[in-house]
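> mind folding the following:
(2 chains)
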Amino acid sequence: MREVFTVSKVRVATTSLAGCFGCHMSFLDMDERIVGLLEHVEFSRSPINDIKHCDPCDIGLVEGALCNADNVHVLKEFRENCKILIAVGACAINGGVPAMRNHFTLQECLEEAFLDMIGVDNPHIPNDVEIPLLLSKVHPLHEVVKVDYYLPGCPPSADAFVKVLTDLLEGKEPSLPKSMLHYD
Amino acid sequence: MSKFIKIDGVEVPFEEGQTIMDAALAADIYIPHLCHRPGLSPHGSCKLCTVDVNGRAVSSCTMPASEGMEIENDTPALKKVRKTITQMLFVEGNHLCPSCEKTGDCTLQAVAYHLDMLDGHFPQFYPRREVDASHSSLVIDRDRCIMCELCVRASREIDGKDVFAISGRGTGRHLIVNSPTGKLGDSDIELDDLAAHICPVGAILIKDHGYEVPIGRRTFDLHSVAETDLEEVILKKSAHHDEGEERDPNEGGVYGV
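Below you'll find the model as predicted:
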């Protein structure tokens, strides 16, 4: 019996790419409502449980923009494994604050951060092979993979997360009422 | 005897010389728009006010109303077209709402909310545009400029100064300033000018008045852009430098409502 129950749960994966984890914090702002949610949902890869890789899922929530090669790799893993992919928050939707570096060349950004900035100790641009290569420009998710739904906000409110997930669990098209639609 | 046009089946009176937009606004019918403002000559550039008149698409802010017009305005098809136009406006500039002082007071954002826009749909342009902070009390952030020319017309027609113009073509189009250096600080714009306050987005901002009204209590946090009496609400914001004005802490105040 237990196995049947487990299988019937909707599997959700979440990740933060070039974001601030603010969307995840806002997700957790649903407080005790997460208990009710867990009646119907179980988490695959997510910073909440620290599972490192995505297995086949129903819903993927992706926060943050794409700023390095690892972000692109993770996003593609999500797209391959998630039936429904949701771009969560301003960065995922239009690049947001990380995309403000697009006004400058990558070289200018690195020099400012690691060589020229006030208080830099031992100035050098990090080049460890473990560090993912940076993309020359920051991109929103839909420029690389197909995105099924968008949840705007910086961050989206906990109510907005609950509304969209509830709609999907009930088999409806997710829709945000005007009161929950914010880009800021 | 009054003449009438029909907007979405409703009879709307008009006077000779009024545009479809004029007649609609007088009848409290909202036609989405960004570059139009009563009192300034119509510009017809943003195309958000596109309506179908007897089956033909026209800009309602420039088309004179005439007897017998059957106009479609609030239809799913037009909403879709307007949403696409708004998405194009978003991706061709740098509209990063979370880091913009104008968020919540921005008409572009409010129109996008009204049209249920969730994303930009198109690839982002991320254009490189110049900031001009040379003026002591105003700043131009061209990242947000939508080339609506409201400041251009306000300066020319109301302030009598001709401070602004749009120059260049295509993606190179940008706001220029009429001064020997091209800098706003060397122009004759003043804080009391309408041009300093008319920007529907955050391209022209007043210095030293940032974040006076918290996000969540700003104009379009409390009102829909479709409310046709919003002009008064927005005008109140221009009174920001009238010191000593009492304000209700629950309703915006100087910069909000």
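> find the centremost residue of chain A, please.
residue A:63 (1.7 Å; Cα atoms, centre = their mean).
> next up, phi/psi of that residue, please.
Torsion angles at residue A:63 (phi, psi; degrees, to the nearest 10) stand at phi -100, psi 150.
> for the closest residue to it other than its chain neighbours, helix, strand, or coil?
Leaving out its chain neighbours, the residue that sits closest to residue A:63 by Cβ to Cβ, 6 or more residues apart in numbering or on different chains is residue A:23, at 3.9 Å. No exception for glycine: its C-beta is placed from N, CA and C like everyone else's. Assigned with DSSP: H, G, I helix; E, B strand; the rest coil, residue A:23 falls in the helix class.
> list the residues that contact residue A:23.
Contact partners of residue A:23, counting by Cβ atoms under 8 Å, 6 or more residues apart in numbering or on different chains, are A:16, A:61, A:63, A:64, A:88, A:89, A:153, A:155, A:156.
> same thing but 10 Å
A:14, A:16, A:61-64, A:88-92, A:151, A:153-156, A:161 (Cβ atoms under 10 Å, 6 or more residues apart in numbering or on different chains).
> what of residue B:121?
Residue B:121 makes contacts with A:142, A:150, B:83, B:84, B:86, B:87, B:88, B:90, B:91, as judged by Cβ under 10 Å, 6+ apart.
> using the three-state scheme, assign it.
Quick answer, by three-state DSSP: residue B:121 is coil.
> any figure for the gap between it and residue B:112?
12 Å (Cβ to Cβ, to the nearest Å).
> now do residue B:233
19 Å.
> out of those two, which sits in the more crowded spot?
residue B:112 (26 against 17; other Cβ atoms under 10 Å in any protein chain shown).
> what's the helix or strand for the more buried one?
Element membership for residue B:112, per DSSP states H and E: helix B:107-114.
> CA atoms only for that helix, dumped as CSV, please.
Output of helix B:107-114 as CSV, limited to C-alpha atoms (Å, rounded to 0.1, in the frame of the first residue of the first chain):
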residue,chain,number,x,y,z
THR,B,107,3.0,52.5,-16.5
LEU,B,108,4.8,50.0,-18.8
GLN,B,109,4.9,47.6,-15.9
ALA,B,110,1.2,48.3,-15.1
VAL,B,111,0.1,47.8,-18.7
ALA,B,112,2.0,44.5,-18.7
TYR,B,113,0.2,43.4,-15.5
HIS,B,114,-3.1,44.4,-17.1
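> if we go by neighbour counts, what in it is buried?
B:107, B:108, B:109, B:110, B:111, B:112, B:113, B:114 (16 or more other Cβ atoms under 10 Å in any protein chain shown).
> ok, now stretch A:24-40?
Quick answer for stretch A:24-40 (16+ other Cβ under 10 Å): A:24, A:26, A:27, A:30, A:34, A:37.
> surely the second one meets residue A:160?
Translated: residue A:26. Yes: counting by Cβ atoms under 10 Å, residue A:160 is a contact partner of residue A:26 at 8.3 Å.
> any shared contact partners between these two?
Taking Cβ under 10 Å, 6+ apart as the contact rule, residue A:26 and residue A:160 both touch A:88, A:153.
> pull the number of nearby residues for the residue lying closest to residue B:189 once chain neighbours are set aside.
Leaving out its chain neighbours, the residue that sits closest to residue B:189 by Cβ to Cβ, 6+ apart is residue B:163, at 4.7 Å. Counted by other Cβ under 10 Å, the residues lying close to residue B:163 total 22.
> ok now do residue B:163, which residues does it touch?
Here residue B:163 is in contact with B:151-152, B:154-156, B:176-179, B:184, B:187-190, B:193, B:195-196 (Cβ under 10 Å, 6+ apart).
> can you put the buried residues of helix B:107-114 in a markdown table and add pLDDT?
Conversion of those to a markdown table gives the following (pLDDT from 0 to 100):
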| residue | pLDDT |
| --- | --- |
| B:107 | 96 |
| B:108 | 97 |
| B:109 | 97 |
| B:110 | 97 |
| B:111 | 97 |
| B:112 | 98 |
| B:113 | 97 |
| B:114 | 97 |
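> looking at the residues you listed, which one is closest to residue A:167?
residue B:113 (18.9 Å; Cβ to Cβ).
> helix, strand, or coil at the closest residue to residue B:134 other than its chain neighbours?
Take residue B:134 and drop its neighbours on the chain: the residue closest to it by Cβ to Cβ, 6+ apart is residue B:185, 3.3 Å away. What three-state DSSP gives for residue B:185 is helix.
> contact residues of the stretch 51-200 of chain B facing chain A?
B:90-91, B:94-100, B:102-104, B:106, B:109, B:112-114, B:116-129, B:131, B:143 (Cβ under 10 Å from any Cβ of the partner chain).
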